[in-house]
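Asks: Structure for the following, please:
(chains A and B)
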Amino acid sequence: MIRPFVRYRGAHLLRPARFDELGLRRAISDRMLPFLVAAMGFLAAVALSGWVGAAALASSWQAGAASALTVQVPQPGDPAAQGEGTRLTRVLAALRAAPFVATARPLSDAELGKLLRPWLGAGADRLAIPLPAVIAVQLSASDADIGALARQLDALAPGTMTEQHADWMRRLSVLARSLQACAGLILLLVAAVAVTVVAVATRAGLAARREAIEIVHGLGATDGYIAGRFAVRATLLAAVGGAIGALVALPVVLALANIAAPLAGATPRLNVPADVLTALPAGLWLVLPGLPLIAATIGCMTAQITVRRWLRRLP
Amino acid sequence: MVRLQSVGLRYDRPRGRTSGQTRGQTGDKAGSDTEVLHGLSFELPAGAFRWLLGPSGAGKTSLLRLLYLAVRPTSGRLTILDTDVTNARRRVLPQLRRRIGVVFQDFRLLPHLSAYDNVALPLRIGGRPEGQIRADVTEMLRWVGLAGRLDSRPAALSGGEQQRVAIARAVIARPSLLLADEPTGNLDDAQAERLMHLFKELNRLGTTVVLATHNEPLVARHPAPLLRLEQGRLVKAGPAW
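Replies: Numbering: from 1, shown residues only, chains lettered A, B, ... in the order given. Prediction:
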């Protein structure tokens, strides 16, 4: 039922789709522009994945820094200064009683040995060095008063050291944010280069079709009509370029995500390279298909503006 | 309809913008600050028919360029199709241009389009539905004797055939004002007479026609009021022949 209607429209009402009065199919080549836009699209995809990845790392590291605590108790087996039990059991009990502590777990001798191996070599536990007990603490609230907790623990077992990971986590987080800023800068540059590429191609097309444009202008074509012809061509070519760039970038981005996965320990599913859909953050799956769209928009807007500005020289 | 009040035209910048269209008219004079038309004043009522005469370099093509809105006057006041275009906004001009048909001396056909598409161009620019376009364009090309050359590109056509395509394109949209620069230059006498018949017929139907030519015998065979230019000045305007 629809077919005759469509044919009717096509045959009688609309200008032929392939009617190319300005000869733009040859003036704006279908090789150079898509290739350059594809290169821009590839760079944009990689920079975007860098942006998203750095953001994920920064936030997971920041969350970890805020919620992790290390408590060292020297001479853990000695009796506590207050109350019954050893220094370690009293500190543990106090930690577990604190309202903002999620878990408090003393590291085993094996885990401690592993931590010290770089400094003391294998078999550190056989050396006659008095080692402190180390308790890994996870906080349930990030705004906990760590200072008060530290004073309380020190009173129970003098010499106990309470250390929040915030400092070096903050440094890592700053690093991640800097990476993110770099990725953002690269994206801006890539967009600027893409605009320039489309503008240069459009200007070349204007120069090549100057006479045809003057004729069409003389026959009463509006600026919008002429700019529209260029914009259609630029939009199509830029969209094709953007799609190619995004497709080529996909395996690269997947590989990068795979490499970065262990660094963002909070999301272990990144470790599953077989499951392509979950291997990338959801944000990237939105942005990658959007690349051809963004490229098309850049192509359309740039061509429109370039042609309309150029046309102002005609009366 | 068309009114000029002490209109002057000066090509002040020697850049390439107007090259090709001023060739032969301004020649090498168009260096800088060359006034090619001085103080032109005349009026064409609707439905007028005028010959535009004058030696080469007198300013005929420049006057036509003013009339088809390819340039605006640098002095004076110009009214085209009852619209003052001296200082009109740019965006009102396309609508006016669609009501003006022009036959250029060098045809100015689009080389990559067929004869059919060249003639259809003004209608498509005007947004006419394709169904009407096909009938009108086919009929027009048949009338100028090119029914068998619909799909030919300009390069495959002779000079006379190209000129007929250019004429078909100029009149296809039934313009209110028809301007032609040496429209019979590449036609034999029989074709030229046929063309004059078309122009007169359009004029009879209400189109204002201005024909620039050197062909004095043609003017003699089809007497009409003259506009005679010499060195950019109007030396005769009126019915005297």
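
Asks: Neighbours of residue 43, how many?
Replies: Looking at chain A here, since you left the chain open. Other residues near residue A:43 come to 18 when the count uses other Cβ atoms under 10 Å in any protein chain shown. Any C-beta I mention is one placed from the backbone N, CA and C, and that applies to glycine too.

Asks: actually it's chain B I care about, not the one you picked
Replies: 12.

Asks: Check it and give its pLDDT.
Replies: With respect to pLDDT, residue B:43 scores 93.

Asks: Double-check that it belongs to a helix.
Replies: No. Applying DSSP: H, G, I helix; E, B strand; the rest coil, one finds residue B:43 to be strand, outside a helix.

Asks: Once you drop chain neighbours, what's closest to it?
Replies: residue B:3 (4.8 Å; Cβ to Cβ, 6 or more residues apart in numbering or on different chains).

Asks: Which of the helices or strands spans that neighbour?
Replies: Assigned by DSSP states H and E, residue B:3 falls within strand B:2-11.

Asks: Would you mind pulling the contact partners of that strand?
Replies: The contact list for strand B:2-11, computed with Cβ atoms under 8 Å, 6 or more residues apart in numbering or on different chains, reads B:18, B:22, B:26, B:30, B:33-44, B:59, B:62, B:66-67, B:71, B:73-81, B:177, B:208.

Asks: rerun at 6 Å
Replies: Residues outside strand B:2-11 that contact it (Cβ atoms under 6 Å, 6 or more residues apart in numbering or on different chains): B:30, B:34-44, B:62, B:73-80.

Asks: separation between residue B:134 and residue B:141?
Replies: 11 Å (Cβ to Cβ, to the nearest Å).

Asks: Compare neighbour counts for these two and give me the winner.
Replies: residue B:141 (24 against 15).

Asks: Counting neighbours, what do you get for residue B:45?
Replies: Neighbours of residue B:45 (other Cβ under 10 Å): 9.

Asks: Now do the same contact list for it.
Replies: Taking Cβ under 6 Å, 6+ apart, we find residue B:45 in contact with residue B:1.

Asks: Can you report phi and psi for it?
Replies: phi -70, psi 160 (degrees, to the nearest 10).

Asks: where do the helices sit along the chain?
Replies: Just going to use chain A. A:2-8, A:24-27, A:32-67, A:87-97, A:109-120, A:146-156, A:166-208, A:210-218, A:223-260, A:276-279, A:282-311 (DSSP state H).

Asks: I was after chain B.
Replies: Counting by DSSP H, the helices of chain B are B:60-67, B:93-97, B:115-125, B:130-143, B:159-171, B:189-204, B:216-221.

Asks: what's the burial count for residue A:211?
Replies: Number of residues near residue A:211 (other Cβ under 10 Å) recorded here: 13.

Asks: What does whatever residue of the stretch 201-315 of chain A ends up closest to chain B show for phi and psi?
Replies: Chain B sits closest to residue A:220 of the stretch 201-315 of chain A, with a gap of 3.4 Å, by Cβ to the nearest Cβ. Dihedral pair for residue A:220: phi 100, psi 10, per degrees, to the nearest 10.

Asks: and it, how many residues sit next to it?
Replies: Residue A:220: 22 neighbours (other Cβ under 10 Å).

Asks: Look up how far residue B:92 lies from it.
Replies: Distance from residue A:220 to residue B:92, by Cβ to Cβ: 11 Å.

Asks: list the contacts for residue A:187?
Replies: residue A:47.

Asks: Recalculate using a threshold of 7 Å.
Replies: A:44, A:47-48, A:51 (Cβ atoms under 7 Å, 6 or more residues apart in numbering or on different chains).

Asks: now, which of these sits nearest residue B:55?
Replies: residue A:44 (62.8 Å; Cβ to Cβ).

Asks: Next one: the closest residue to that closest one other than its chain neighbours relative to chain B, how far apart?
Replies: Leaving aside its sequence neighbours, residue A:44 sits nearest to residue A:190 (Cβ to Cβ, 6+ apart; 4.7 Å). For residue A:190, the distance to chain B equals 35 Å [Cβ to the nearest Cβ, to the nearest Å].

Asks: which residues touch residue A:190?
Replies: Contacts of residue A:190 by Cβ under 7 Å, 6+ apart are A:40, A:43-44, A:47.

Asks: Per-residue pLDDT of residue A:308, please?
Replies: 97.

Asks: Near chain A, which residues of chain B? Just list them.
Replies: Selection of chain B residues close to chain A by Cβ under 7 Å from any Cβ of the partner chain yields B:17, B:68-72, B:93-94, B:97-98, B:102, B:108, B:110, B:112-113, B:117, B:121-122, B:124-126, B:129-131.

Asks: cutoff 8 Å now
Replies: B:17, B:20, B:68-72, B:90-91, B:93-100, B:102, B:108, B:110, B:112-113, B:117, B:121-122, B:124-126, B:129-131, B:169 (Cβ under 8 Å from any Cβ of the partner chain).

Asks: Just the buried subset of those, written out for ChimeraX, thanks.
Replies: Restricted to buried positions by 16 or more other Cβ atoms under 10 Å in any protein chain shown, the ChimeraX selection for the residues of chain B next to chain A reads:
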select /B:17,68,69,70,71,72,93,94,96,97,98,99,100,102,108,110,112,113,117,121,122,124,125,126,130,169
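
Asks: With pLDDT added, can I get the contacts of residue A:187 in a markdown table?
Replies: What follows is those, written out as a markdown table (pLDDT from 0 to 100):
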| residue | pLDDT |
| --- | --- |
| A:44 | 93 |
| A:47 | 91 |
| A:48 | 88 |
| A:51 | 85 |
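
Asks: centroid residue for the chain?
Replies: All of this refers to chain A. residue A:52 (1.1 Å; Cα atoms, centre = their mean).

Asks: try again with chain B
Replies: residue B:179 (2.8 Å).

Asks: In contact with it, which residues?
Replies: B:64, B:67-68, B:100-103, B:209-212.

Asks: Tell me where chain A is predicted with low confidence.
Replies: Along chain A, segments meeting pLDDT under 70 span A:1-18, A:62-66, A:122-127, A:142-143, A:166, A:260-280.

Asks: and with 80 instead?
Replies: Along chain A, segments meeting pLDDT under 80 span A:1-18, A:53, A:56-68, A:81-84, A:110, A:113-130, A:140-145, A:164-173, A:256-284.

Asks: go on, chain B?
Replies: For chain B, the stretches with pLDDT under 80 are B:12-33, B:186, B:236-241.

Asks: Return the residue of it that is most distant from the centre.
Replies: Outermost in chain B, Cα atoms, centre = their mean: residue B:131 at 27.5 Å.

Asks: To residue B:224, which of the helices of chain A lies closest?
Replies: When the helices of chain A are compared by Cβ to Cβ, helix A:210-218 sits nearest residue B:224, at 25.5 Å.

Asks: Show me what the closest one is packed against.
Replies: Packed against helix A:210-218 by the contact rule (3 or more Cβ pairs under 8 Å, 6 or more residues apart in numbering or on different chains; DSSP states H and E) you find helix A:223-260.

Asks: The residue in the stretch 51-200 of chain A positioned nearest to chain B: neighbour count?
Replies: Using Cβ to the nearest Cβ, residue A:200 is the residue of the stretch 51-200 of chain A that sits closest to chain B, at 20.0 Å. Residue A:200 has 15 neighbouring residues, counting by other Cβ under 10 Å.

Asks: Residue B:167 now?
Replies: Residue B:167 has 25 nearby residues by other Cβ under 10 Å.

Asks: Verify the stated contact: it with residue B:192.
Replies: No. Contact status for residue B:167 versus residue B:192: not in contact, 11.1 Å apart, counting by Cβ atoms under 8 Å.

Asks: anything in contact with each of those two?
Replies: What both residue B:167 and residue B:192 touch, as defined by Cβ under 8 Å, 6+ apart, is an empty set.

Asks: residue contacts, the closest residue to residue B:4 other than its chain neighbours?
Replies: Once flanking residues are discounted, residue B:4 sits nearest to residue B:40: 4.9 Å by Cβ to Cβ, 6+ apart. Contacts for residue B:40 (Cβ under 8 Å, 6+ apart) come out as B:4, B:6-8, B:63, B:76, B:233-234.

Asks: Now tabulate the residues you listed in a markdown table and tack on neighbour count.
Replies: Shown next, in a markdown table, are the contacts of residue B:40 (neighbours: other Cβ atoms under 10 Å in any protein chain shown):
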| residue | neighbour count |
| --- | --- |
| B:4 | 24 |
| B:6 | 12 |
| B:7 | 24 |
| B:8 | 16 |
| B:63 | 26 |
| B:76 | 18 |
| B:233 | 14 |
| B:234 | 21 |
